[in-house]
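1. structure, please.
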Amino acid sequence: MVKFRDVLRSAAGLFDIFKRGDIKRLQNEVALLRQSVKGLEREYWVPIGSAGEAVVPRERFVKMVKLSREYYRNNPYYRQAIRLYSAFIFGRGASITSNDEGIQQKLDVLINTYDNQKTFFSPIAQIRLSNKLLRDGELFVFFFVSPDNQVIIRICDPLEIEEIITEPDDQQTELYYKRAFRLSKSFGGELKRLVYRSVEYFDYTNYPYAIPAMMDLHSPETDDCYVMHVVSPETDILEQRGTPPLLSSVEWARLHMETIQDFVAYLRAITMIVAKEVVKDAGVSVEEIKRQIEGLQGEIPRFATRIEFEGGDEYQPVERSGNLASVFERVARATKLSVCAGTGIYEHYFGDPSTGNLATATSMELPMIKIFEQWQRFWESVYRDVIAFYLKLQGIDEVEAMKSVEVKFPDFLKKDAPGLLNGVINAYSMGIIDGRTAARIVLSLLAYDKIDEALKIWEDEAADSSSGLKTGMYVLDQVRQLRRIIETIK
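-> Residues are numbered from 1 along each chain as shown. As a prediction, the model looks like this:
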């Protein structure tokens, strides 16, 4: 990989070669520098397509995904941003339920299957799916259908999808996916290329305007499989391939890390003991100095490196002037703020709690919450699409059946919980809300996901109480206890 600071060092070295009058070497170094600059552009400046460009060239897409994956592995800021997105979106995990008993039985078969839990529905699988979408910009969800229409869900690497085949005059109707992949070494490592049908193709055969030439182009080996293509909501609506949503922050994450590395190198340099050598036998030592310096051509000496000579030379301490620490601090924060702008996450989430306070927590984080809520709605639509396709495979009218299905995500725990609890108690005491409503608000505030079950327990206990307390008074007492607990642990 071409390093930005290495290019700067090469450029700085040209002046020394020019002063020595070595024209031939100067020409060679200029040519090498040009190649390095081109390599730098190829490495870090990735064109991600323009509006209206439906088919992004594959090599450009591959470069985007590989760049995003590399920074997810190696850059702590990029990784932290993706980690926070997934944590805020899914928290303890999303739940999928239906108030129709028959539909719920169908859902239990799909969701509670071990293979599907591992791949798609368990809290850990949800976090991994979120990480992958944020890192790669898209998901390819494979539905393997058994003869009795039971489904096993798997995820495919987007880099294995070579081409998306659409209707000739409609780029948004995806019918087939060309996939190239290698079998495991245990099975010979053979490269295979297969064509899979999309979930849209399932209804396409009955579409009145379907094009006959677009029918049955899939590979016979994939008769039992359908594919759903999920793209990041940050992707342009006309682009076929997904765009990693946080990719705009990659360059700034890199610059921030390099700024920190340079600052560490600077600190090491200024804390070293450096002396200048006063040469007594100038006639011999100067030639020796010249010989050793010429031997360093093409290398970058370490900080405080000096050439030593035998003899009675004297060493005098070198005084330093200037302090770049404040400059480095300003540059480091500027680059970090650019990472924050690209990810939508405030800087105190990147390891600097000194920038966070109560005002930040209660007002400035509102845009973050809105972003995460939008992503929750996006994932809700993804899970609803998966459930709808599964119900369709079961021969059920998915439009009607989905009215009974709820995909619920954990709520965000509010920072000012004690104050809100006081408001609930006052509203109940004044008769503005009843006890059941007060309890529901409190449990929602605490991000409790089994509210109806809790209310049933409270009501049963209140009805059985020997003191004859009504449900509302019992709930009020529970609210007060919750307030004391929150005030204790906040």
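2. Provide a list of residue ranges in the stretch 251-400 of the chain with pLDDT below threshold.
-> Across the stretch 251-400 of the chain, the stretches falling below the confidence threshold (pLDDT under 70) are 269-324, 352-365.
3. again, 80 this time
-> Filtered on pLDDT under 80, the stretch 251-400 of the chain yields the residue ranges 263-328, 348-349, 351-366.
4. in it, which spans are strands?
-> 275-278, 314-317 (DSSP state E, counting those that start in this stretch).
5. equivalent analysis for the stretch 51-200 of the chain, please.
-> When secondary structure is read from DSSP E, counting those that start in this stretch, the stretch 51-200 of the chain shows strands at 95-98, 138-145, 151-156, 161-167, 170-182, 191-198.
6. using JSON lines, lay out these together with mean neighbour count.
-> For the C-beta atoms, the positions are set from N, CA and C on the backbone; glycine is no exception. JSON lines is the format used below for those (neighbours: other C-beta atoms under 10 Å):
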{"stretch": "strand 95-98", "mean neighbour count": "17"}
{"stretch": "strand 138-145", "mean neighbour count": "19"}
{"stretch": "strand 151-156", "mean neighbour count": "18"}
{"stretch": "strand 161-167", "mean neighbour count": "17"}
{"stretch": "strand 170-182", "mean neighbour count": "17"}
{"stretch": "strand 191-198", "mean neighbour count": "16"}
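7. and these as CSV, adding distance to residue 247 and mean pLDDT?
-> Written out in CSV, the entries for the strands of the stretch 51-200 of the chain read as follows (distance: least, C-beta to C-beta, whole Å; pLDDT from 0 to 100):
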stretch, distance to residue 247, mean pLDDT
strand 95-98, 30, 94
strand 138-145, 12, 96
strand 151-156, 20, 96
strand 161-167, 19, 92
strand 170-182, 22, 92
strand 191-198, 25, 94
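8. now the ones you listed as a markdown table including distance to residue 235?
-> Rendered in a markdown table, the data for the strands of the stretch 51-200 of the chain read as follows (distance: least, C-beta to C-beta, whole Å):
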| stretch | distance to residue 235 |
| --- | --- |
| strand 95-98 | 25 |
| strand 138-145 | 8 |
| strand 151-156 | 18 |
| strand 161-167 | 13 |
| strand 170-182 | 12 |
| strand 191-198 | 17 |
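9. so which of the ones you listed is nearest residue 370?
-> With distances scored as C-beta to C-beta, the stretch of these nearest to residue 370 is strand 95-98 (22.5 Å).
10. give me the sheet partners of that closest one and which way each runs.
-> When pairs are called by DSSP bridges, strand 95-98 turns out to pair with strand 405-408 (antiparallel).
11. so which bits of the partner strand are buried?
-> Buried positions in strand 405-408, judged by neighbour count with 16 or more other C-beta atoms under 10 Å: 405, 407.
12. now do the same contact list for residue 215.
-> residue 205 (C-beta atoms under 8 Å, 6 or more residues apart in numbering).
13. now it. Its backbone dihedrals?
-> Residue 215 adopts backbone torsions of phi -90, psi 140, taken as degrees, to the nearest 10.
14. gap between it and residue 142?
-> Distance, residue 215 to residue 142, using C-beta to C-beta, to the nearest Å: 21 Å.
15. go on, residue 425?
-> As defined by C-beta to C-beta, residue 425 lies at a distance of 52 Å from residue 142.
16. on that earlier part again, residue 81 is nearest to which of the strands of the stretch 51-200 of the chain?
-> Among the strands of the stretch 51-200 of the chain, the nearest to residue 81 by C-beta to C-beta is strand 138-145 (18.1 Å).
17. give me the angle between the closest one and strand 191-198.
-> If you take axes from the mean of the first three to the mean of the last three C-alpha atoms, to 10 degrees, strand 138-145 sits at 80 degrees to strand 191-198.
18. so for residue 215, what's the pLDDT?
-> Residue 215 is assigned a pLDDT of 85 by the prediction.
19. let me know the angle separating the biggest helix by length in the chain from strand 151-156.
-> The residue-count maximum for a helix in the chain (DSSP state H) belongs to helix 366-393. On the basis of the same axes, to 10 degrees, helix 366-393 is oriented at 130 degrees to strand 151-156.
20. next, the buried residues of helix 366-393.
-> 368, 371-372, 375-376, 379-380, 382-393.
21. that older thread, nearest to residue 339, of the strands of the stretch 51-200 of the chain?
-> Of all those, strand 138-145 comes closest under C-beta to C-beta, at 22.9 Å.
22. elements contacting that closest one?
-> Applying 3 or more C-beta pairs under 8 Å, 6 or more residues apart in numbering; DSSP states H and E, one finds that strand 138-145 makes contact with helix 123-136, strand 151-156, strand 225-231, helix 366-393.
23. contacts for the first one next, please.
-> Right, the one you point to is helix 123-136. Residues from elsewhere that reach helix 123-136 (C-beta under 8 Å, 6+ apart): 65, 68-69, 72, 82-83, 85-87, 89-90, 92-94, 117-120, 139, 155, 158, 230, 232, 242, 244-246, 379.
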